[in-house]
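Asker: fold the stuff below for me.
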Amino acid sequence: MEFVERLVAAQRSKRTVAILGVDPQLDSKTTPGIPPGYTLARFCCEVVEACAPQIAAIKPQLAFFEARGLEGMRALVEVLKFARALGLVTIADAKRGDVGITSAAYAEAFLGDGDFACDAVTINPYLGSDALAPFVARVRAGRGLFVLVKTSNPSSGEFQDLEAPHRPLWEAVAERVHGWGSDFVGADGLTPVGAVVGATYPEHARRARELMPNSVILVPGYGAQGASADDAVAAVRPDGRGVIVNASRSLMYAFLAQAGSRPGEAAAQAAAAMRGELNRALDDIRQKTHS
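Answerer: Below you'll find the predicted structure:
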């Protein structure tokens, strides 16, 4: 099956738009990134397994594995294999993008058949079309992409909102994403060339949907970053498709707010609540559309 077909099938079977960001934080002055008594791989896999009934995909953030050296990268491989065994779609949150020959190596690493291979990868478009071409080529092999368009961090507008010349730069990127994906629209009317659009800017999300009617939009910013469920599904299509919503810390570290609970137990409860909130928001949109 193609990437979008696998993703939509998972969403339909579980009635969910939620995905889990596997972001094992580094140690802080007050809190260890890995709970006492756990290895990195065991912690991540326990949370993935606990959340699996409520989510369609996982999105491991490569930085938190890379920062831990060989142990971290071995754990990443274990987490990816475990997620695939559970039938979950895998999205490498790598934000790669470089000159063509280097992008080709990144595409082989994350969209090939090697140890770090995933179903999709996040990519940075700011080096231009030649940097993205090796990734787009992998779409023909059934893989997916999520191009950074309008990110959720507070200073994203510093460059993304610049007028270029008569519209924000991010809108120009969104139109190119639509163009890159137009050759790959599948049976669900969706293309595997998707976009990252943060939930913290719902008005931009609605505009992004106008510019990218066929793209799956990956939405960060829900949960720990403060966006609501209504904000997170602002870019949904009239058919209820085309959006996946990520939560990371609010799921992986839910146990910190529940004294005595195990990471998996707390994550499962948080994931179920997230799925319920997002489905409520989607139902509200459907009711408004048909009223």
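Asker: the helix-or-strand element of the chain with minimal mean pLDDT: which residues count as buried?
Answerer: Every helix and strand of the chain was ranked by mean pLDDT, DSSP states H and E. The lowest is helix 157-160, at a mean of 72. When neighbours are counted by 16 or more other C-beta atoms under 10 Å, the buried residues of helix 157-160 are found to be 157, 160. Any C-beta I mention is one placed from the backbone N, CA and C, and that applies to glycine too.
Asker: likewise stretch 257-274?
Answerer: 263-264, 266-272, 274.
Asker: swap in stretch 2-19?
Answerer: Quick answer for stretch 2-19 (16+ other C-beta under 10 Å): 2-4, 6-8, 10-11, 14, 16-19.
Asker: please apply the same query to stretch 61-68.
Answerer: 61-62, 64-65, 68.
Asker: one more: stretch 48-58?
Answerer: Quick answer for stretch 48-58 (16+ other C-beta under 10 Å): 48-52, 54-58.
Asker: which among those gets closest to A94?
Answerer: I58 (13.7 Å; C-beta to C-beta).
Asker: doesn't that closest one lie inside a strand?
Answerer: Yes: the assignment for I58 by DSSP: H, G, I helix; E, B strand; the rest coil puts it in a strand.
Asker: that one and K81 touch, don't they?
Answerer: No: the criterion here is C-beta atoms under 8 Å, and I58 misses it with K81 at 11.8 Å.
Asker: out of the buried residues of stretch 2-19, which are inside strands?
Answerer: Among the buried residues of stretch 2-19, the ones falling in strands (DSSP state E) are 18-19.
Asker: pipe the buried residues of stretch 2-19 into a markdown table and attach pLDDT per row.
Answerer: Shown next, in a markdown table, are these (pLDDT from 0 to 100):
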| residue | pLDDT |
| --- | --- |
| E2 | 92 |
| F3 | 95 |
| V4 | 96 |
| R6 | 96 |
| L7 | 97 |
| V8 | 96 |
| A10 | 96 |
| Q11 | 96 |
| K14 | 97 |
| T16 | 98 |
| V17 | 98 |
| A18 | 98 |
| I19 | 98 |
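Asker: got the phi and psi for the nearest residue to A141 once chain neighbours are set aside?
Answerer: Counting by C-beta to C-beta, 6 or more residues apart in numbering, A141 lies nearest to L111, which is 7.5 Å off, once chain neighbours are set aside. With angles defined as degrees, to the nearest 10, L111 sits at phi -120, psi 10.
Asker: which residues touch L111?
Answerer: 117-118, 120-121, 135, 138, 141, 143 (C-beta atoms under 8 Å, 6 or more residues apart in numbering).
Asker: flag the shaky bits of the stretch 101-250 of the chain, pLDDT-wise.
Answerer: Within the stretch 101-250 of the chain, the stretches with pLDDT under 70 are 152-153, 155-156, 161.
Asker: repeat the analysis, applying 80 as the threshold.
Answerer: Filtered on pLDDT under 80, the stretch 101-250 of the chain yields the residue ranges 151-166, 187, 223-226.
Asker: ok, L76 touching F65?
Answerer: Yes: with contacts counted by C-beta under 8 Å, L76 reaches F65, the gap being 4.2 Å.
Asker: ok, V219 touching V245?
Answerer: Yes: counting by C-beta under 8 Å, V219 sits close enough to V245 to count as a contact (4.7 Å).
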